[in-house]
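K.L.:
Output the structure for:
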Amino acid sequence: MDREKIMQGVRMILEGVGENPDREGLQKTPERVAKMYEEIFSGLEDDPKHYFETLFDEHHQEMVIVRDIPVYSMCEHHLVPFFGLAHIAYIPGKTGKICGLSKLARLVDSLAKRPQVQERLTSQVADTIVECLEPAGVMVVLECEHMCMSMRGIRKPGTRTTTSAVRGTFRTSVNTRSEAMQLILNGSHRS
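P.N.:
Residues are numbered from 1 along each chain as shown. Below is the predicted model:
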């Protein structure tokens with residue numbers, strides 16, 4: 001990332017909104033924002049597939065669900081946060097290979113740490129799991145609040161957007177999809 005360019009841009013934004021970037025409270029703001037952007041957009045330099053380099057040959061054929069994974073991302077349309085929960089269900093493929101459970105949370109983090117839209121993020125998580133694990137099926141559900149809707153525009157705080165991506169058996173079997181949704185919804189911690 002180009003920290004200097006970010007700092008110049010933040011300074012210009014402050015001037016553009018009528019602030020004095022040289023006043024005491026704002027003097028270090030461009031540097032702080034640049035450091036923050038390096039962190040929250042670090043997914044631009046990360047290949048999330050590397051989280052799946054180590055798989056376990058457990059011959060497991062049943063559903064695996066990791067739910068309530070915290071998600072923090074930045075809306076690419078307004079550069080304000082959206083945040084919420086991700087839920088991932090997958091059924092291992094014929095080989096029965098599984099991944100470490102933390103790898104699913106790391107995948108979500110990696111893909112969320114870039115300018116995003118929730119719909120694309122949901123599909124990217126599902127597609128990466130399909131590519132790396134070759135499961136029989138994957139379902140990803142994201143529930144997020146978007147600050148571009150809560151603090152500006154329509155101003156409806158607390159409104160949540162739910163997106164899903166289903167692949168394989170979750171797409172072809174209504175019963176499998178229903179079972180996963182029931183397990184996700186019955187155990188999810190909603191605020």
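
K.L.:
alpha carbons only for contacts and neighbour counts from here, please
P.N.:
Fine.

K.L.:
helix or strand right after the helix ranked longest in the chain?
P.N.:
Selection of the longest helix in the chain by residue count, based on DSSP state H, yields helix 118-133. Next helix or strand after helix 118-133 toward the C-terminus (DSSP states H and E): strand 137-146.

K.L.:
so what secondary structure elements neighbour that next one?
P.N.:
strand 81-91, helix 118-133, strand 160-168, helix 169-172 (3 or more Cα pairs under 8 Å, 6 or more residues apart in numbering; DSSP states H and E).

K.L.:
which parts of the second one are buried?
P.N.:
Meaning helix 118-133. For helix 118-133, burial by neighbour count (16 or more other Cα atoms under 10 Å) applies to 118, 121-130, 132-133.

K.L.:
okay, the angle between that helix and strand 160-168?
P.N.:
30 degrees (axes from the mean of the first three to the mean of the last three Cα atoms, to 10 degrees).

K.L.:
Can you list the helices and strands that helix 118-133 packs against?
P.N.:
Going by 3+ Cα pairs under 8 Å, 6+ apart, helix 118-133 lies up against strand 97-99, helix 101-112, strand 137-146, strand 160-168.

K.L.:
With respect to burial, which of the ones you listed scores highest?
P.N.:
strand 137-146 (a mean of 25; mean count of other Cα atoms under 10 Å).

K.L.:
Sheet partners, orientation included, of it?
P.N.:
strand 81-91 (antiparallel), strand 160-168 (antiparallel) (DSSP bridges).

K.L.:
Just checking, which helix or strand succeeds it along the chain?
P.N.:
helix 147-150.
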